[in-house]
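Asker: below are the sequence and a predicted model; questions follow.
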Amino acid sequence: MKLPNKTLERNLFKSGYRLIYAVDEVGMGCLAGPVVVCAVAMTNTFYNKYHKKLHWIRDSKLMQVNQREKLSVELLKEKDLVYALTFAYPRTIDKLNIYQASRLAMRNAIKKIKPDFDLKSIALVDGNKKIPGLRGEQMAIVRGDRRLQGLRYCLRFDYC
């Protein structure tokens, strides 16, 4: 099983970005219930550290419950990683549709972190489309939850 690749994030920091936001959702395939969205904000300080206990983190769908729980505990201890959770509840989903409701929740999760868009920052979005109405730079990444470290951190918080 392939472990996360930090190449994109490292290259973004090297090119002058000061903050990287990663955002992902869980629950889009469910027939009922809310969609949970998590956004994380990372600095170069976080990325330059070696995180021994987070080394084996991968897409939550590929992990057992006890593995997700252990990694969630470790992530919550991490001082250089900020996160926010938001929800798209059934009423909103019924009104907007599930895709638009999840994008609204993504935008709200990033805003909840209170991003400083005066710093050079970018949001990495899991999927093939950017988040409409979000100020600042974005990059949509297909299957990002399996390819990028930052997006993998998102889903660990979703399961807390």
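Answerer: In hand now; what should we look at?

Asker: point me to the helix or strand that includes residue 84.
Answerer: In this structure, residue 84 sits in strand 81-88 according to DSSP states H and E.

Asker: swap that for residue 111, please
Answerer: Going by DSSP H and E, residue 111 is part of helix 98-112.

Asker: name the helices or strands packed onto that helix?
Answerer: strand 19-26, strand 35-43, strand 81-88, helix 90-96 (3 or more CB pairs under 8 Å, 6 or more residues apart in numbering; DSSP states H and E). (Each C-beta comes from the backbone N, C-alpha and C, glycine too.)

Asker: neighbouring strands of the third one in the sheet, and parallel or not?
Answerer: Strand 81-88 has its sheet partners listed here by DSSP bridges as strand 35-43 (antiparallel).

Asker: for the record, mean pLDDT for the strand it pairs with?
Answerer: Over the span of strand 35-43, the pLDDT mean works out to 87.

Asker: one step back: can you name the next helix or strand after the helix holding residue 111?
Answerer: Downstream of helix 98-112, the next assigned helix or strand under DSSP H and E is strand 121-126.
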